[in-house]
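[1] structure here, sequence nowhere to be found:
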């Protein structure tokens, strides 16, 4: 059985997904996980390209590597801001009670 | 590592066991199903073969996927577009700014400690330089969906990315000025409405809903395909506007903070 260039490309893309998928799951820190997931999204888009689905590949690039990471990062930033505000309020209340 | 987590969260072990009870059979079922998948490139369906043969002849377009999205199955795309419209509205509703400001006297001090480091010149230059390229590429993807891969959905997100770059390149106030909320909301709504109106135009002409009633033009030019390009532009407007609104609703607080601090 001989392998043509297309098959090699397809197998390479699938192999990369098999490697990066567990990396996404095993990365525990949210911000690092967003980076890992973005890499996974890019690779998944390349895999779609290797399987001759350029329309799906484009959609995957814009959703998996642009839209989703941005929304997750913005959510994380917002959560941190709320956390800081809550911490500051708690510290102030404590100070007031002591003073 | 897992011991640490178990200490922090006593239910973690139980959840892991539960995951394996469901996950292991799922892997088996998926593997059994995948063995029976047709080989890559060999899974032809009758519908697909028919459209691949007919699209260029019937609609004068070269990207059959776009012909399916915006013509043969244009009704499905209307539904998808409205799903996006509704979910953007849902997010706006959940993240709407609350009127009550936290009464906090030492806000000024907190802000000093919390301020993010200034954006580096390199990020600023690269980001601002990319805006024009991104915008042009997005508009190209939207308007040439009938000829090359892409269309309103993909191009819409790319166009919206140009505005996100404006924010990322560090100028939050420029982003705020470039995205006045009422204008973006109207921009998005007109896109969604235009798609539905193009559908009703078919009914008014005595044809079916979303019928392709415009002249098809020569094969494979920017103006071939009749209503396909118009529907793609309408979708692009809706998606770009919706995505910018989403980002705005997330960064709104940060914008207000920065505007107040400088």
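    Done, it's in. These numbers come from a predicted model, not from an experiment.
[2] going by C-alpha atoms from here, please, whenever you check contacts or count neighbours.
    Noted.
[3] what lies in contact with the helix or strand containing residue B:138?
    Per DSSP states H and E, residue B:138 falls inside helix B:121-143. Helix B:121-143 has contacts (CA atoms under 8 Å, 6 or more residues apart in numbering or on different chains) with B:148-159, B:161-163, B:165-166, B:168-170, B:222, B:229, B:232-233, B:236.
[4] likewise for stretch B:211-222?
    Applying CA under 8 Å, 6+ apart, the external contacts of stretch B:211-222 come out as B:56, B:59-62, B:71, B:143-144, B:146-147, B:199, B:202-203, B:205, B:223-228.
[5] quick one: buried residues of that stretch?
    Buried residues in stretch B:211-222, counted by 16 or more other CA atoms under 10 Å in any protein chain shown: B:211-212, B:216, B:219-220.
[6] and what of stretch A:22-41?
    Residues A:24, A:33-41 are the ones in stretch A:22-41 that count as buried (16+ other CA under 10 Å).
[7] how about stretch B:118-135?
    Neighbour count says stretch B:118-135 has B:124, B:127-128, B:130-131, B:134-135 buried, by 16+ other CA under 10 Å.
[8] how far is the helix or strand where residue A:11 lies from where the chain is centred?
    For residue A:11, the element it lies in under DSSP H and E is helix A:5-26. The gap between where helix A:5-26 is centred and where its chain is centred comes out at 16 Å by CA atoms, centre = their mean, to the nearest Å.
[9] do you know how far residue B:61 is from residue A:69?
    Separation of residue B:61 from residue A:69 (CA to CA, to the nearest Å): 34 Å.
[10] show me which of these two is the more surrounded one.
    Set side by side, residue B:61 and residue A:69 show more neighbours around residue B:61, with 28 against 20, by other CA atoms under 10 Å in any protein chain shown.
[11] and the more buried one, how far from residue B:53?
    The value you get for residue B:61 to residue B:53, if CA to CA is used, is 12 Å.
[12] rewinding a little: now, which of the buried residues of stretch A:22-41 sits nearest residue A:73?
    Closest approach to residue A:73 among the buried residues of stretch A:22-41 (CA to CA): residue A:34, at 7.4 Å.
[13] quick one: the closest one and residue A:70 touch, right?
    No: applying CA atoms under 8 Å, one finds residue A:34 not in contact with residue A:70, separated by 9.0 Å.
[14] OK, contacts around residue A:31?
    Counting by CA under 8 Å, 6+ apart, residue A:31 has contacts A:73, A:76.
[15] now tell me what touches the helix or strand containing residue B:167 from outside.
    Secondary structure from DSSP H and E places residue B:167 in helix B:152-168. The contact list for helix B:152-168 (CA under 8 Å, 6+ apart) reads A:58-59, A:62-63, A:66-67, B:127-128, B:130-132, B:134-143, B:145, B:172, B:174-175, B:178, B:231-241, B:243-244, B:247.
[16] how far off centre is that helix?
    9 Å.
[17] now stretch B:27-39
    Counting by CA atoms, centre = their mean, stretch B:27-39 is centred 31 Å from the centre of its parent chain.
[18] so for the helix or strand that comes right after the helix holding residue B:167, what gets flagged as buried?
    Later in the chain than helix B:152-168, the nearest helix or strand by DSSP H and E is helix B:172-178. For helix B:172-178, the buried set under the neighbour-count rule, 16+ other CA under 10 Å, comprises B:172, B:175-176.
[19] same check, this time on stretch A:45-61
    Quick answer for stretch A:45-61 (16+ other CA under 10 Å): A:45-51, A:54-61.
[20] and the end-to-end length of it?
    Stretch A:45-61 has an end-to-end distance of 6 Å (criterion: CA to CA).
[21] so how far is that stretch from its chain's centroid?
    With CA atoms, centre = their mean, you get 17 Å for stretch A:45-61.
[22] same check, this time on stretch A:57-74
    Remark: stretch A:57-74 is offset 8 Å from the chain centroid, using CA atoms, centre = their mean.
[23] nearest spatial neighbour of residue A:40, skipping sequence neighbours?
    Distance criterion CA to CA, 6 or more residues apart in numbering or on different chains; nearest residue to residue A:40, sequence neighbours excluded, is residue A:20 at 6.1 Å.
[24] the one you found: neighbouring residues, count only.
    Counted with other CA under 10 Å, residue A:20 comes out at 18.
[25] that one and residue A:38 touch, don't they?
    No: with contact defined as CA under 8 Å, residue A:20 does not count as touching residue A:38 (10.3 Å).
[26] name the nearest residue to the residue in the stretch 51-200 of chain B positioned nearest to chain A, sequence neighbours excluded.
    At 4.9 Å from chain A, residue B:149 is the closest residue in the stretch 51-200 of chain B, using CA to the nearest CA. Closest residue to residue B:149 apart from its sequence neighbours, by CA to CA, 6+ apart: residue A:55 at 4.9 Å.
[27] run through the residues that contact the one you found.
    Here residue A:55 is in contact with B:65, B:149-150 (CA under 8 Å, 6+ apart).
[28] please determine how far residue A:98 is located from residue B:30.
    Following CA to CA, the distance that separates residue A:98 from residue B:30 is 61 Å.
[29] before I go, just wanted to say thanks for your time.
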